[in-house]
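J.: Just to be clear, the model below is a prediction. Sequence and coordinates:
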Amino acid sequence: MVRGRQDALTRKNPAPTGPRVTVIGSGSWGTTFGKILADGGAQVTMWARRPEQALEIAEGKRNSKYLPGINLPRTIAATHDLSTALDGADQVYLSVPSQSLRENLKALRPLLSDRELPIISLMKGVERSSGLRMSQVIEQELHCDPMHIAVASGPNLALEIAREQPTAAVIASRSQETAETVARAARNSYFRTFVNTDVIGTEFGGVLKNLIAVAIGIVDGVGYGENTKASIITRGLVEMTDFAVANGAQSETLQGLAGLGDLIATCQSPLSRNNTAGRLLGQGYSYQDVVKQMNQTAEGLASVAPILQLARESDVHMPIVEQVKMVLDGTMNPRDIAPHLTTDDDTPQEERTNHGQADGGGALRRAFQRAFHQFRDGGRGAARD
């Protein structure tokens, strides 16, 4: 596609009154978020990797591969040229697979240099090679002020929102001002946004619920019933909270939209990619076969190993995620998965529902112990953000 054609695609829609925003990535969630922003009054330009996809969004107001049957707002523009997409942008939203984020940011960096504008992550994963959250990868690659970085999370199944079914999300940033600026742009009659400053908890909530959803999919594929799934969801929230708090999050965040809310939506919906991937595993498909069958990325599959590595470093026990990894590795029969029954011994345990308080303090106790050891050792070793 020639440059003049791209410019025409971008400029042919009348300019709305809201901010100029760019969405990098035109999968189901990126396109849906573009719709959210456009319906809220923003001037939206979508960037698509494939020229034919950009053309369909710009001229047909459709994204038939990822959002079949959905009509997009007439004000949405699209291009496959990064420079054109970012021209004049006030905010940039990133919605690419987590494992390819760093590569995409390298292409973005020269186009965003010396521009102080909000960069918003719509992704729910951790980088496999480093264990970094998406906001950390953004800060590292773009060399930008973390106060300008925000993340969006919550019970956000793309197709339901594209159909304008009411839902809510949370925008988190270390800067309250940045969070509120993004939240004002990303809201409309069917999509409500809340704000917080707990980026760590918000991101880890979005990552960890994917892993629990894979477990739910596995037991669903095996044919187990609601008791099994309810037990795993409940114990899964404990694991999520233990892990997140041990890594610097606020426990309240995991009880909110980015934690419990997203966990419920992802675990119980057939629209969830991670639930679908787990269900295929439970039906006996290998990991490689599941990846081949999935039309879109199931972020939970790539996040299992780095999360377990972080859990070991944080001294957090995650039996649900451990058993998911065993199924993925082919070392456990899916029918044998019962992580909610896993205990260290046969001694009856108290039910922990508040990040491990009944277990001698759980994550909070371990965090205190690590702080004590650091103090005792003269402060050697940097705390993980």
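T.: Thanks, I have the structure now. Residues are numbered from 1 along each chain as shown.

J.: can you pull the contacts of residue 202?
T.: 151, 153, 170, 172, 196, 253, 258 (CB atoms under 8 Å, 6 or more residues apart in numbering). In this view, the C-beta of every residue, glycine as well, is placed from N, C-alpha and C.

J.: any idea how far residue 80 is from the residue nearest to residue 243 when sequence neighbours are not counted?
T.: Nearest residue to residue 243, sequence neighbours excluded (CB to CB, 6 or more residues apart in numbering): residue 316, at 4.9 Å. Counting by CB to CB, to the nearest Å, the gap from residue 316 to residue 80 is 42 Å.

J.: and if you look at residue 133?
T.: Residue 133 is 28 Å from residue 80, by CB to CB.

J.: picking up where we left off before, which one of the contacts of residue 202 has the most neighbours?
T.: residue 258 (34 neighbours; other CB atoms under 10 Å).

J.: and that residue, what does it touch?
T.: By CB under 8 Å, 6+ apart, the contact set of residue 258 is 153-154, 170, 172, 201-202, 205-206.

J.: hang on, the earlier thing: looking at residue 133 and residue 80 now, which is surrounded by more residues?
T.: residue 133 (27 against 21).

J.: Setting aside sequence neighbours, what's the nearest residue to that one?
T.: Spatial nearest neighbour of residue 133, excluding adjacent residues (CB to CB, 6+ apart): residue 203 at 4.5 Å.

J.: mind exporting the helix or strand that that neighbour is a member of as PDB, just the C-alpha atoms?
T.: In the assignment (DSSP states H and E), residue 203 maps to helix 199-222. The C-alpha trace of helix 199-222 is given here as PDB (Å, rounded to 0.1, in the frame of the first residue of the first chain):
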ATOM      1  CA  VAL A 199       0.500  -1.200  38.800                       C
ATOM      2  CA  ILE A 200       2.100  -4.300  40.200                       C
ATOM      3  CA  GLY A 201      -1.200  -5.800  41.500                       C
ATOM      4  CA  THR A 202      -3.200  -4.800  38.500                       C
ATOM      5  CA  GLU A 203      -0.700  -6.400  36.100                       C
ATOM      6  CA  PHE A 204      -0.200  -9.600  38.100                       C
ATOM      7  CA  GLY A 205      -3.900 -10.000  38.500                       C
ATOM      8  CA  GLY A 206      -4.300 -10.000  34.800                       C
ATOM      9  CA  VAL A 207      -1.500 -12.500  34.400                       C
ATOM     10  CA  LEU A 208      -2.300 -14.900  37.200                       C
ATOM     11  CA  LYS A 209      -6.000 -15.300  36.400                       C
ATOM     12  CA  ASN A 210      -5.000 -16.600  33.000                       C
ATOM     13  CA  LEU A 211      -3.100 -19.500  34.700                       C
ATOM     14  CA  ILE A 212      -6.100 -20.300  36.900                       C
ATOM     15  CA  ALA A 213      -8.300 -20.200  33.800                       C
ATOM     16  CA  VAL A 214      -6.100 -22.800  32.100                       C
ATOM     17  CA  ALA A 215      -6.600 -25.100  35.100                       C
ATOM     18  CA  ILE A 216     -10.300 -24.600  35.000                       C
ATOM     19  CA  GLY A 217     -10.300 -25.400  31.300                       C
ATOM     20  CA  ILE A 218      -8.300 -28.600  31.900                       C
ATOM     21  CA  VAL A 219     -10.800 -29.900  34.500                       C
ATOM     22  CA  ASP A 220     -13.700 -28.800  32.300                       C
ATOM     23  CA  GLY A 221     -12.100 -30.800  29.400                       C
ATOM     24  CA  VAL A 222     -11.700 -33.800  31.600                       C
END
